[in-house]
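In: okay, predicted coordinates and the sequence, questions at the end:
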Amino acid sequence: MTRNSAFTALVAFAALIPSKSWSQADRYDLGLRLRALEEIWDQSADEAARKRAVGPLNQAVRAFFSFNNAKVGEWLDRASHALKSGMEPPAAQRWAESLVFRPARRLVGTDETELKVEVRELYSTGVERPQNVAVSIEIPGVVRQRIDLNELPFKLAFRLGGVPAGEHLLSAEVTIGSDAVLRRRCLISRVDRPDERLAALREAVKSRTGPESVESATLAYVVKLLSDLRAGQVFETDYPAARLIDEMERLREAVTQGELFFRTGRSGEFWLRIPTNRSAETVRFFAPEMKDDSSPRPIVVALHGAGASENMFFDSYGNGITKQECEKRGWFLVAPRTGGGLGVGGTPNVLAIIEELSKRYPIDSKRVYVVGHSMGAGQALALSQQNPEKFAGVAALGGGGMIRKPEAFQSLPLFVGIGTDDFLIGSAKRLSDSLKRLNLPRMQFKEYPNVEHMMIVREAIPDVFRFWTTAP
């Protein structure tokens, strides 16, 4: 079996697995580890260090497609160590890094006096628990609580006295003796009367009438998300629930009045549901600060890989480097969700998404760019061949795809990026070779040394934006 056919088989297999096979709590913890790894990667320009990390990262990819979350976490931790040193970390350090910290809720009321937090292992290291282990839980500058960690799993009641309404980072630090060996953090939202306010929002969703709009669909989607968050459900990313409840209350008024809520003048990040003639698309959207300038701006459509979601291009893939590139240029960014909970399925209705957003924001229809990673790379190539006139540039990263209409790329700039250690490099090279034979004037293929499947977006995105803005 070739590398490309092996990947196709994995994606097909993934489509058959119920989404409950993916623990959202595990996904959240894996996201923390991946972002920690990306931060270390950014700090290390040492090619030898990055080369050491390739093996563990490839193992993490294999575990990911085997739905073995524990092994993914272990290999991500090993990759972080490989970036920092060629030496094996101390056993006590490995033991501490296997731990996860899980609050019973991420959305708590201002009248609640404590928050239960569980400490447990994500994976087994085979290392005996060290002596003199303690955990400190704190909201920096507000409250701190320290306990001895004598058993696992362990549940503690974290006191919330003095914590005001708003978003707060809950930080956990593990110490062995006097040495701090691990720090983790997550977002906690403290809200006045959350149950009463969410009940009123749910009633507004039930009583809405008329044709569905972005506003009404988004209200229903986000209120359901917030209600689940309040019930203790864990999602793969941090949601600023205090901000979102305020936002949904204002959105409710817009729905009642039949007004546009998401429009020029409302900037920032939003989780939206966009009704189209084919489906309702879930997207994460970034609108730049416009000030008094309402001239049309470019937009980037970012298509994630299998098993990922709309959050990947914002929270990970280089700690959100795609959003950072858009933000500094004043561009829009939209990341649609592909398929169901596993992120495997058909291509989102991208053109309808752009059309709907363009009714609300000054999007330049002549500067719509699309980038895809892995499965998303194949989707980006398919989209651009179907409607080449709709896009100003395409980037396929960490994957390949079928070229059925090569004439589409005679005028459409195409960037193909792949790591030398990516298991899909054969597919990407075949794509590049087939395109080079056509002597396309606006195509660039680039290999990145000591880069595998997970880090390619981080490495290639700056080149992608330069290519899009300078391609002849």
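Out: Noted; the coordinates are in hand.
In: CA atoms for contacts and neighbours, from now on please.
Out: Fine.
In: what about this structure, any weak spots by pLDDT?
Out: Applying pLDDT under 70 to the chain picks out residues 1-22, 292-293, 339-345, 472.
In: stretch 355-362: end-to-end distance?
Out: End-to-end span of stretch 355-362 (CA to CA, to the nearest Å): 11 Å.
In: buried sites along it?
Out: 356-358, 361-362 (16 or more other CA atoms under 10 Å).
In: return the subset of these lying in helices.
Out: With helices taken from DSSP state H, the overlap with the buried residues of stretch 355-362 comprises 356-358.
In: select the longest strand from this structure.
Out: Scanning the chain for the strand with the most residues, using DSSP state E, yields strand 179-191.
In: what strands line up against that strand, and which way round?
Out: Using DSSP bridges, the strands paired with strand 179-191 are strand 107-109 (parallel), strand 166-176 (antiparallel).
In: pick the most buried one from those strands.
Out: Ranked by mean neighbour count, these are led by strand 107-109 with a mean of 23 (mean count of other CA atoms under 10 Å).
In: and the next helix or strand past that strand?
Out: Of the helices and strands lying after strand 107-109 in sequence (DSSP states H and E), the nearest is strand 114-121.
In: can you name every helix or strand that the helix or strand following that following strand contacts?
Out: Using DSSP H and E, the helix or strand that directly follows strand 114-121 along the chain is strand 133-139. Secondary-structure packing of strand 133-139 (3 or more CA pairs under 8 Å, 6 or more residues apart in numbering; DSSP states H and E): strand 143-148, strand 166-176.
In: looking at the ones you listed, which is closest to Thr347?
Out: strand 166-176 (34.3 Å; CA to CA).
In: can you list contacts of the closest one?
Out: Contact with strand 166-176 is made by 96, 101, 130-140, 180-191, 240-243, as judged by CA atoms under 8 Å, 6 or more residues apart in numbering.
In: list the contacts for Glu118?
Out: 101-104, 153-156.
In: same thing with Arg337?
Out: Residues counted as contacts of Arg337 (CA under 8 Å, 6+ apart) are 281-283, 303-304, 309-310, 343, 348.
In: grab the nearest non-local neighbour of it.
Out: Glu310 (4.7 Å; CA to CA, 6 or more residues apart in numbering).
In: the spatially closest residue to Gly401 that is not a sequence neighbour: neighbouring residues, count only.
Out: Nearest residue to Gly401, sequence neighbours excluded (CA to CA, 6+ apart): Gly378, at 4.6 Å. Residue neighbour count, defined by other CA atoms under 10 Å, stands at 24 for Gly378.
In: same question, the one 10 residues further on
Out: The burial metric for Pro388, expressed as a neighbour count using other CA under 10 Å, is 20.
In: just give the number of residues close to the nearest residue to it once chain neighbours are set aside.
Out: Nearest residue to Pro388 in three dimensions, chain neighbours excluded: Ala408, at 5.5 Å (CA to CA, 6+ apart). By other CA under 10 Å, 17 other residues sit near Ala408.
In: could you do Lys328 as well?
Out: 9.
In: what about it, helix or strand, and which?
Out: helix 317-329.
In: over to Leu435. Which of the three states is it?
Out: On the three-state scheme (DSSP: H, G, I helix; E, B strand; the rest coil), Leu435 is labelled helix.
In: where's it relative to Ser23, distance?
Out: Distance of Leu435 to Ser23, given as CA to CA: 40 Å.
In: show me which of the two is the more surrounded one.
Out: Neighbour count, other CA under 10 Å: between Leu435 and Ser23, Leu435 has more, with 19 against 15.
In: circling back: pretty sure the residue nearest to Arg337 contacts Ala335?
Out: Yes - at 5.1 Å, Glu310 counts as touching Ala335 under the criterion of CA atoms under 8 Å.
In: so what sits against both of these two?
Out: Joint contacts of Glu310 and Ala335 (CA under 8 Å, 6+ apart) are 283-284, 303-304.
In: is it possible to export the residues you listed to JSON lines including secondary structure, distance to Glu459 and neighbour count?
Out: Below are the shared contacts of Glu310 and Ala335 laid out as JSON lines (DSSP: H, G, I helix; E, B strand; the rest coil; distance: CA to CA, whole Å; neighbours: other CA atoms under 10 Å):
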{"residue": "Val283", "secondary structure": "strand", "distance to Glu459": "24", "neighbour count": "22"}
{"residue": "Arg284", "secondary structure": "strand", "distance to Glu459": "22", "neighbour count": "21"}
{"residue": "Leu303", "secondary structure": "strand", "distance to Glu459": "17", "neighbour count": "31"}
{"residue": "His304", "secondary structure": "coil", "distance to Glu459": "16", "neighbour count": "28"}
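In: can you redo those as JSON lines with distance to Thr218?
Out: Shown next, in JSON lines, are the shared contacts of Glu310 and Ala335 (distance: CA to CA, whole Å):
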{"residue": "Val283", "distance to Thr218": "10"}
{"residue": "Arg284", "distance to Thr218": "11"}
{"residue": "Leu303", "distance to Thr218": "20"}
{"residue": "His304", "distance to Thr218": "21"}
